[in-house]
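**Q** Generate coordinates for the sequence data below:
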Amino acid sequence: MTALTRADLPTAARIVVKVGSSSISGEAAWRIPVLVEALAEAHARGTEIVLVSSGAIATGIPFLQLDARPTDLATQQAAAAVGQNVLIYRYQEALHPHGIVAGQVLLTTGDLEHPTSRSNARRAMERLLGLRVLPIVNENDTVATQEIRFGDNDRLGALVAQLTGADALVLLSDVESLYTRPPSDPSAEPLDIVAAGADLSGLEFGATVVNSVGTGGAATKVSAARLAAASGIGVLVTSADLVAEALSGAEIGTWFEPAV
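**A** Numbering: from 1, shown residues only. Presented below is the predicted three-dimensional model:
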C-alpha cells in the first residue's frame, strides 16, 4: 500500500532507496556498512528493498590512478567498468553478515522507456525480490552516452520506483532536508511537506553539480520526487546519515505527498 506519510514507511511493502556517489565512495566508503545495516533491518521486518546506488565512476577513479573525475566519455566508461565491480563487492561484503544476497541490475533510462526491455527489467526485479535478494541498481555507464554526462540517478530512482510499483521512494542526500533556498543562504528554511501538485516556482534549489565525484543536487531530487509523487509514490528526501531513522518513520527530511 502506498505510503501516504513518513509514518507509513516502517510498514511499507516495497521501498526504493537511492544513494549518491558522495555518500558512499572515496573517503565516504565507510558509510556502506551503515547504509546496509539500515536496509537489512527493514528487510528483516519483511520490507522489500531496492537500492539505486550511484558511485561506479567515483569508486573506479583511484584504481585508474586518476586525481579527479574524468571529463571524457571513454575514461568515464572505463572508470565505471572498474568501479562497478568494486562497488558491488563492497555492498555484498556488508550484506553477508545479514544473510542477504545482492543482485546487480544495470540499466539506462532508455531501457525503461522501451516496452520490451522495460518488461524484461520488471520481470527480473520481481523475481529477485521474490527470492529475497536485494537488487542494487545503477545506470549502465559503460554503454551509456547522453545519460552518463547529463543523467542522474535520482531520476533513475523515480523510474525504478514506478517500474516496481514501490510504496515509497527514499532519496538520500548530503543534507537532512530540502530548503527554500540553498542552505548557505541565511534566509533558507527547511521544507517539511510538499503537497501533491504544489507550486514550487518561487523556491531556489541550487546548482545541479554539487561535488567533484557525482552529479545531482537539490534540483534533481525535487524533479525526481515530483515525478514519483505524481504517479502515486510517496517520497522522502533526507540525509544518508539518517537512513535508519527514515526507514523507521521518523519525522525527518522533506516528504513529498503522493497524488491519490
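**Q** Can you show me the helices along the stretch 151-260 of the chain?
**A** Per DSSP state H, counting those that start in this stretch, the stretch 151-260 of the chain carries helices over the ranges 153-164, 218-230, 243-247.
**Q** how about these in a markdown table, adding mean neighbour count?
**A** Any C-beta I mention is one placed from the backbone N, CA and C, and that applies to glycine too. Listed next are the helices of the stretch 151-260 of the chain as a markdown table, based on neighbours: other Cβ atoms under 10 Å:
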| stretch | mean neighbour count |
| --- | --- |
| helix 153-164 | 26 |
| helix 218-230 | 22 |
| helix 243-247 | 21 |
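**Q** could I get the ones you listed as a markdown table with mean pLDDT and distance to Glu27?
**A** Listed next are these as a markdown table, based on pLDDT from 0 to 100; distance: least, Cβ to Cβ, whole Å:
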| stretch | mean pLDDT | distance to Glu27 |
| --- | --- | --- |
| helix 153-164 | 93 | 20 |
| helix 218-230 | 92 | 22 |
| helix 243-247 | 98 | 18 |
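**Q** Find the residue ranges of the chain scoring beneath the pLDDT cut-off.
**A** The chain contains residues with pLDDT under 70 at 145-151, 206-216.
**Q** can you rerun that using 80?
**A** Along the chain, the parts satisfying pLDDT under 80 run over 1, 109-110, 143-152, 201-217.
**Q** Could you give the secondary structure assignment for the residue nearest the centre of it?
**A** Nearest residue to the geometric centre of the chain (Cα atoms, centre = their mean): Lys18, 1.3 Å. Assigned with DSSP: H, G, I helix; E, B strand; the rest coil, Lys18 falls in the strand class.
**Q** Could you measure from it over to Asp8?
**A** 19 Å (Cβ to Cβ, to the nearest Å).
**Q** picking that back up, let's have the helices of the stretch 151-260 of the chain in CSV, adding distance to Ile61.
**A** Formatted as CSV, the helices of the stretch 151-260 of the chain follow (distance: least, Cβ to Cβ, whole Å):
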stretch, distance to Ile61
helix 153-164, 17
helix 218-230, 21
helix 243-247, 24
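**Q** Out of those, flag the one nearest Pro97.
**A** Nearest to Pro97, of all the helices of the stretch 151-260 of the chain, is helix 243-247, at 16.2 Å by Cβ to Cβ.
**Q** Other residues contacting that closest one?
**A** 6, 9-10, 15, 17, 19, 34-35, 37-39, 41-42, 47, 170, 172, 236, 238, 252-253 (Cβ atoms under 8 Å, 6 or more residues apart in numbering).
**Q** In this structure Ser173 contacts Leu236, no?
**A** No. Contact between Ser173 and Leu236 fails when scored by Cβ atoms under 8 Å: they sit 10.3 Å apart.
**Q** phi, psi of the closest residue to Pro70 other than its chain neighbours?
**A** Nearest residue to Pro70 in three dimensions, chain neighbours excluded: Gln76, at 5.2 Å (Cβ to Cβ, 6 or more residues apart in numbering). When quoted as degrees, to the nearest 10, the phi and psi of Gln76 stand at phi -60, psi -40.
**Q** so Gln104 is in which element?
**A** According to DSSP states H and E, Gln104 maps onto strand 102-107.
**Q** That strand - contacts with which helices or strands?
**A** helix 73-95, helix 115-130, strand 134-139 (3 or more Cβ pairs under 8 Å, 6 or more residues apart in numbering; DSSP states H and E).
**Q** So which elements touch the longest one?
**A** Packed against helix 73-95, as judged by 3+ Cβ pairs under 8 Å, 6+ apart, are the following elements: helix 31-44, strand 48-53, helix 56-60, strand 102-107, strand 134-139, helix 146-150.
**Q** Leu178 is nearest to which of the ones you listed?
**A** Among those, strand 48-53 comes nearest to Leu178, with 18.5 Å by Cβ to Cβ.
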